[in-house]
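Asker: whatever this is, show me its structure:
(chains A and B)
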Amino acid sequence: MSAVPASAVVPRSAAREALAALWGRPHTRACLGVVALYLLVASCGWLHLLPDAEAAVGGAQAPPGWPLATLLGTDLLGRSVLWRVLAGAQTAVTIGLATTALAVPFGTALGLAAGYFGGWVDAVVNWVYSVVVSVPDILLITAISYAMGKGLASMCVAIAATSWVGIMRLVRGEVLKHQGSDYVLAARSVGAGAGRVMFSEILPNVVHVTIVTATLVLLAAIKGEVILTYLGMGIQDGASWGLLIAGAAQDMVNDIWGPLVGAVTAMFLLIYSLSAIGDALRDVLDPRVG
Amino acid sequence: MGAYVVRRLLQAIPTVFGVALLTFLLFNAFGPDPVRTALGNHATAEAMANLRHQWGLDKSLPLQFLDFLRQIVTFDYGTSFVTGDDLGTQLKAGALVSLSVTMPPFVFGGIVNVAIALFIARHRDGLLDQAARALFIAAMSVSALVYVLALQYLLAFKLDWFPINGYEGGWSAVKYLGLPWLIQLLLLMGPDIRLYRALFLADMNADWVRTARAKGASEGRVLLRHVLPNAWIPIITQNVTTLPFLILGSFLMERFFSIPGIGNLTIDALSRGDLPILKAVTVLGALALVAFNLLNDLLYAVADPRVRLS
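Answerer: A predicted model of the protein is given here:
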């Protein structure tokens, strides 16, 4: 018998296959490039390498023009709109990643446990699931925003709280399908414990479901920031696309378009690319579709 | 059927209890002190104690939770902290306003979008289908807030077809609701048409569709007489589960156009720490969702005899 467990080989080749298939599509490749660019901007922001979005670069509400800092004009405080759009990209990427990092592992772990153990574990997880899906998303978000205070952290927790349920349900279903498979029985028969069977054997075989859903969580978080910020439950200070777009109502009346055009374009490129990658991932990873 | 309904209602009890517990914990246990929010930082200890007693917040948390459970069972949610108004009256009025915002575009948009999706499915993979697909993906990549801003600017500010915002009761509400209706119609198009198109196309290669084609039915007849009747079930399912959200209204529309529906009521309550409103809206929203899901399953069983209620 080979010493290499099946799980060590299969998922890597499946992942490689999926990546190769993604890379093979020129349109998806372009979208991956766009997302990489946003990650780069966000990373620069985290390392404080972006120009300071809070510093005044000129007079109040200067019209768009050269140099680069005033390409989209300045706001009421003379701050560069372009730098604020870039800082907004950093905020959006942060929110997207933080929300996904909360919702996906949580939903996956609960789905694995519910499907694997069954019995009372399953009953408790399903009870929590039924409670959370029964509260309309916007109301759950409102409640969490009240309990945790407004701001970036509570918004991430709130959006994650509404999105882990779908992942849990999908993973649980997949685990139930795999439960009686030969490879699971084989792992058990050589004495693998519950944790090992769940995480090293079953997880690699259901992870495609998680990855596809993760792109949806990412999208929901970035789109949610704009709406929630407008409703007063989101970003309170700093730079975000939500704040830029929400502030545009007043600007438009005064014929100032820089903040709106900048934030909408930046958001469109990221959301469009992520949706396209998500669709492509589903085609590649989900054997049920196509 | 009767036994099934009773069992489903019994199953809903632990769920509703969980919703009550979650709501109570988030608002009463973890949230900021509403007495402090109402009186500010310079209130005397005595004034705070008085208000706390008046609002029933001086009791222990388990007792407060029992009070809340009693409110849920009796549908009597008491009065608002801030205005002192009876919540039942306030929520009923808000729900009617919210329905007047969301219902017309929901009904009209539903019919129009099914028709458009049928037309696109008829010409699937043609130029129209591909153009529509690309357009919808692009359109759905723009935030809903941008559509609201742009259409208000263009149709209300520049062209003066609609008032900028505001609301009046009675029939004159229509004047103010025109623009929110139009925006919601547009926002519904992308997701709806994509969904319906996928529903219609999923059946396109089914045996009974092939049989109909073999008997010489035209493509239009196949769609209208064979595919559409079978797609009604998922279409109804989709729409019935959306109904509770219509009562909740569109938070974005109500906020943006200053329409006094449930959404506006909730957001005002959030900033004022008006716990009774927040808790009542959360629990009633969840109850509506549970009830409509049950209704949905029953409709499903009625529409599709293969579904057994066991």
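
Asker: how about the contacts made by B:Pro276?
Answerer: Neighbouring residues of B:Pro276 by Cβ atoms under 8 Å, 6 or more residues apart in numbering or on different chains: B:Tyr77, B:Gly78, B:Thr79, B:Ser80, B:Phe81, B:Leu87. Just so you know, the C-beta spots here come from the backbone N, C-alpha and C atoms, and that holds for glycine as well.

Asker: buried sites along stretch A:166-184?
Answerer: A:Gly166, A:Ile167, A:Met168, A:Arg169, A:Leu170, A:Val171, A:Arg172, A:Glu174, A:Val175, A:His178, A:Tyr183, A:Val184 (16 or more other Cβ atoms under 10 Å in any protein chain shown).

Asker: verify the contact between the third one and A:Gly111 for me.
Answerer: Yes - because the distance of 4.2 Å satisfies Cβ atoms under 8 Å, A:Met168 is recorded as touching A:Gly111.

Asker: between these two, which contacts overlap?
Answerer: With Cβ under 8 Å, 6+ apart as the test, A:Met168 and A:Gly111 both reach A:Val125.

Asker: quickly find the element holding B:Phe81.
Answerer: Counting by DSSP states H and E, no helix or strand carries B:Phe81.

Asker: isn't it up against B:Trp55?
Answerer: Yes - assessed by Cβ under 8 Å, B:Phe81 is found in contact with B:Trp55 at 6.1 Å.

Asker: quick one, phi/psi of A:Asp52?
Answerer: phi -70, psi 120 (degrees, to the nearest 10).

Asker: surely it touches A:Leu86?
Answerer: No - the criterion here is Cβ under 8 Å, and A:Asp52 misses it with A:Leu86 at 10.8 Å.

Asker: neighbour count winner among the two?
Answerer: Higher neighbour count among A:Asp52 and A:Leu86: A:Leu86, with 22 against 12, using other Cβ atoms under 10 Å in any protein chain shown.

Asker: got the buried residues for the helix or strand hosting the more buried one?
Answerer: With secondary structure defined by DSSP H and E, A:Leu86 is part of helix A:81-117. Buried residues in helix A:81-117, counted by 16+ other Cβ under 10 Å: A:81-100, A:102-104, A:106-116.

Asker: cool, stretch B:130-143 as well?
Answerer: Those would be B:Ala132, B:Phe136, B:Ile137, B:Met140, B:Ser141, B:Val142, B:Ser143, for stretch B:130-143 by 16+ other Cβ under 10 Å.

Asker: next up, the contacts around the closest residue to A:Thr28 other than its chain neighbours.
Answerer: Nearest non-adjacent residue to A:Thr28, counting by Cβ to Cβ, 6 or more residues apart in numbering or on different chains: A:Ala280, 4.5 Å away. Residues in contact with A:Ala280 (Cβ under 8 Å, 6+ apart) are A:Leu22, A:Arg25, A:Thr28, A:Cys31.

Asker: can you report how many residues lie near B:Ala280?
Answerer: Using other Cβ under 10 Å, B:Ala280 is surrounded by 27 other residues.

Asker: where does the stretch 51-200 of chain B get nearest to chain A, residue-wise?
Answerer: B:Ser141 (4.0 Å; Cβ to the nearest Cβ).

Asker: now do the phi/psi pair for that residue.
Answerer: Dihedral angles (degrees, to the nearest 10) for B:Ser141: phi -90, psi 0.

Asker: one step back: does chain B have contacts with the helix holding A:Leu86?
Answerer: No - against chain B, helix A:81-117 shows no contacts by Cβ under 8 Å from any Cβ of the partner chain, the least distance being 11.1 Å.

Asker: avg pLDDT for that helix?
Answerer: Mean per-residue pLDDT for helix A:81-117: 93.

Asker: OK, contacts around residue 30?
Answerer: All of this refers to chain A. Contacts of A:Ala30 (Cβ under 8 Å, 6+ apart): A:Ser273.

Asker: meant chain B actually
Answerer: A:Ala147, A:Met148.

Asker: residues from the stretch 1-150 of chain A in reach of chain B?
Answerer: Proximity of the stretch 1-150 of chain A to chain B is confined to A:127-128, A:130-136, A:138-140, A:142-149 under the rule Cβ under 8 Å from any Cβ.

Asker: now which of these would you call buried?
Answerer: A:128, A:130-136, A:138-140, A:142-148.

Asker: so, low pLDDT: which residues of the chain?
Answerer: Picking chain A for this. Counting by pLDDT under 70, the ranges of chain A that qualify are A:1-15, A:286-290.

Asker: not quite, I wanted chain B
Answerer: B:307-310.

Asker: spatially central residue for it, please.
Answerer: B:Phe245 (1.1 Å; Cα atoms, centre = their mean).
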